[in-house]
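Undergrad: sharing a model prediction with you, sequence too.
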Amino acid sequence: MKVLMINKFFYIKGGSETYYFTLKTLLEQLGHQVIFFSMKDPHNYPSPYQAYFVEGVDYNGKSSIPEQLKMASRIIYSKEAMRKLDALIAETKPDIAHLHIFQHQMSPSILAVLKKHRIPIVYTAHDLKMLCPNYKMLNRTGVCERCKGHHYYHCVQYRCIKDSMMKSMICMLEGYLHLWLKSYDAIDAIITPSRFYYDQFLSAGIEPKRLHYLPNAMLDMQNEEVCTQNEEVCQANIHTLGTYYLYLGRISSEKGILTMIQGMQDTGATLYIAGTGPQENEIKTYLAEQKITNVTLLGFKQQPELQKIVLHAKAVIIPSEWYENSPYSGIEALSLGRIMIGAKIGGIPELIQEGENGYLFPPGDAEAMRDCILNLEHRTADERYHMQVSSRRLFETKFTQQIHYDAIETIYRNLSRQKERDN
């Protein structure tokens with residue numbers, strides 16, 4: 001089967017790209033041909049289809065008024081993306097399209113091109129963009145669901161896009177235009193990696209027949225140090241593994257980084273932060289001003305170094321304060337048998353069985369997070385071992401590549417058969 005994979009970034013920028021390339025590898029290993037459509041960028045991996053990629057754009061940089069207007073039109077309706085996608089489809093003739101994050105740089109206008117060519121469309125909802133113009137359901141007032149049900153004017157009212165009236169208005173217009181065009185109606189199957197997102201889409205009026213709950217997967221990593229392979233190996237390593245707590249991911253305000261740092265104070269424990277992001281300088285300043293010495297920023301890390309860092313963590317912390325989906329960092333931690341500590345919000349609780357493989361705390365509550373750390377610190381080595389085993393077991397029951405591929409193939413095949421019947 002020829003699978004057209006669409007994502008605006010063609011390099012590892014975050015969890016959604018990690019999944020994107022994981023799925024690409026998995027499909028190719030199982031004999032499918034994968035065709036790519038993305039945006040040009042100096043960080044991109046090589047691709048035989050890069051001539052068809054849309055021109056790169058940075059919406060966060062400084063620009064003139066004419067440039068801003070041009071970018072605004074591209075966000076709302078990109079004719080370039082439509083033209084190039086049409087040419088790519090004519091050249092490669094894919095059987096199915098699988099979309100990931102495509103809004104803004106390519107815009108929902110590309111859905112009309114796919115529909116014109118009668119290509120079945122699968123969309124993995126890595127965020128809430130279909131329901132919320134700023135994709136996070138989070139603004140300066142906190143968690144917000146006001147736009148759900150197509151009430152996009154709230155985006156302007158609360159300046160939800162980077163606290164900018166102009167950017168918020170652009171995204172509001174984008175939402176209303178594609179509501180009027182019924183662009184998203186072209187999507188045949190919407191995959192939600194968390195039950196929480198499934199319920200969000202369902203409550204927003206998306207038809208149940210279009211929704212599919214399917215947890216993200218990762219290529220299973222075989223590592224002789226993974227404690228869950230057998231009890232003898234784990235008991236031998238339990239006293240050497242797990243010397244620090246770890247956060248891995250984007251450093252931005254919605255991720256709850258400051259709450260996590262505050263919760264680590266007075267615990268006597270060490271925290272490593274692996275990642276980069278817009279809040280990085282603020283975090284560095286805070287650490288210096290507060291003279292905090294038990295928190296270290298490691299910067300951006302890639303595999304295989306990142307795997308080793310995760311493997312030697314006592315626990316992985318996910319302190320998000322927005323509707324996190326199914327964070328890939330958490331799935332990686334489960335695959336390596338790591339204990340989890342996470343905020344009780346979004347899809348995070350689906351990765352943590354309270355008291356079995358970790359602990360949950362209310363989002364934004366540093367004291368409650370500190371209690372989780374202290375609880376774990378008082379656990380015996382044997383108790384921690386059993387928590388590690390529980391994490392690995394949870395991974396094996398929900399997140400393996402075989403489970404994921406079987407479900408993806410079923411969705412692909414069903415849509416292909418439906419297309420044949422319609423023709």
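TA: In hand now; what should we look at?
Undergrad: what's opposite the residue nearest to T92 when sequence neighbours are not counted in the beta bridge?
TA: Excluding the flanking residues, the one nearest T92 by C-beta to C-beta, 6 or more residues apart in numbering is I35, at 4.8 Å. All C-beta spots, glycine's among them, are computed from the backbone N, C-alpha and C. I35 has these beta-bridge partners by DSSP bridges: L4.
Undergrad: quick one: contacts for I35?
TA: I35 makes contact with 2-5, 49, 88, 92, 94 under the criterion C-beta atoms under 8 Å, 6 or more residues apart in numbering.
Undergrad: same question for E377.
TA: Residues near E377 by C-beta under 8 Å, 6+ apart: 267-269.
Undergrad: quick one: it from G242, how far?
TA: 11 Å (C-beta to C-beta, to the nearest Å).
Undergrad: equivalent analysis for S183, please.
TA: Using C-beta to C-beta, S183 is found at 48 Å from G242.
Undergrad: count of neighbours near E17?
TA: A total of 20 residues lie near E17 under the criterion other C-beta atoms under 10 Å.
Undergrad: secondary structure element for the nearest residue to G358 once chain neighbours are set aside, which one?
TA: Once flanking residues are discounted, G358 sits nearest to M340: 3.4 Å by C-beta to C-beta, 6+ apart. Counting by DSSP states H and E, the element that carries M340 is strand 339-343.
Undergrad: what does P108 give?
TA: Short version, using DSSP H and E: P108 is in no helix or strand.
Undergrad: and it, how far from P208?
TA: Taking C-beta to C-beta as the measure, P108 and P208 are separated by 22 Å.
Undergrad: look at these two and report which has more neighbours.
TA: P108 (27 against 9).
Undergrad: count of neighbours near K8?
TA: Neighbour tally, K8, other C-beta under 10 Å: 23.
Undergrad: do the same with D163
TA: D163: 11 surrounding residues under other C-beta under 10 Å.
Undergrad: quick check: it touching R140?
TA: Yes. With contacts counted by C-beta atoms under 8 Å, D163 reaches R140, the gap being 6.6 Å.
Undergrad: show me where the chain has its strands.
TA: 2-6, 33-37, 96-99, 121-124, 138-139, 142-143, 189-192, 211-213, 244-248, 271-274, 295-299, 313-318, 339-343, 358-361 (DSSP state E).
Undergrad: and the last one, what does it pack onto?
TA: Okay, so that is strand 358-361. Strand 358-361 sits against strand 339-343, helix 366-377, with contacts defined as 3 or more C-beta pairs under 8 Å, 6 or more residues apart in numbering; DSSP states H and E.
Undergrad: how about stretch 379-397: buried residues?
TA: 384-385, 387-395 (16 or more other C-beta atoms under 10 Å).
Undergrad: format these as JSON lines; extra columns: distance to T296 and pLDDT.
TA: Shown next, in JSON lines, are these (distance: C-beta to C-beta, whole Å; pLDDT from 0 to 100):
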{"residue": "R384", "distance to T296": "22", "pLDDT": "92"}
{"residue": "Y385", "distance to T296": "26", "pLDDT": "91"}
{"residue": "M387", "distance to T296": "24", "pLDDT": "94"}
{"residue": "Q388", "distance to T296": "23", "pLDDT": "93"}
{"residue": "V389", "distance to T296": "28", "pLDDT": "92"}
{"residue": "S390", "distance to T296": "28", "pLDDT": "94"}
{"residue": "S391", "distance to T296": "24", "pLDDT": "94"}
{"residue": "R392", "distance to T296": "27", "pLDDT": "92"}
{"residue": "R393", "distance to T296": "31", "pLDDT": "94"}
{"residue": "L394", "distance to T296": "28", "pLDDT": "95"}
{"residue": "F395", "distance to T296": "27", "pLDDT": "93"}
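Undergrad: so of the residues you listed, which ones are in helices?
TA: Judged by DSSP state H, these include 384-385, 387-395 as members of helices.
Undergrad: nearest to H126, of those residues?
TA: Proximity of those to H126 (C-beta to C-beta) peaks at F395, which lies at 19.7 Å.
Undergrad: where does the stretch 201-350 of the chain dip in pLDDT?
TA: Applying pLDDT under 70 to the stretch 201-350 of the chain picks out residues 219-241.
Undergrad: wait, doesn't S183 sit right on V113?
TA: No. Between S183 and V113 there is no contact under C-beta under 8 Å: 10.8 Å.
Undergrad: R146: which of the buried residues of stretch 379-397 is nearest?
TA: L394 (34.3 Å).
Undergrad: and the closest residue to that closest one other than its chain neighbours, how many neighbours?
TA: Distance criterion C-beta to C-beta, 6+ apart; nearest residue to L394, sequence neighbours excluded, is L334 at 5.6 Å. Neighbours of L334 under the rule other C-beta under 10 Å: 27.
Undergrad: L334 contacts S390, doesn't it?
TA: No. Taking contacts as C-beta under 8 Å, L334 lies outside contact range of S390: 9.4 Å.
Undergrad: who touches both of the two?
TA: Common neighbours of L334 and S390 (criterion: C-beta under 8 Å, 6+ apart): N357.
Undergrad: can you check the pLDDT for V57?
TA: V57 carries a pLDDT value of 75.
Undergrad: surely it and K40 touch.
TA: No. Here V57 lies out of contact with K40, judged by C-beta under 8 Å, at a distance of 9.3 Å.
Undergrad: tell me the buried residues in the lengthiest helix in the chain?
TA: As assigned by DSSP H, the longest helix anywhere in the chain is helix 401-422. Buried residues in helix 401-422, counted by 16+ other C-beta under 10 Å: 401, 404-405, 407-408, 411-412, 415.
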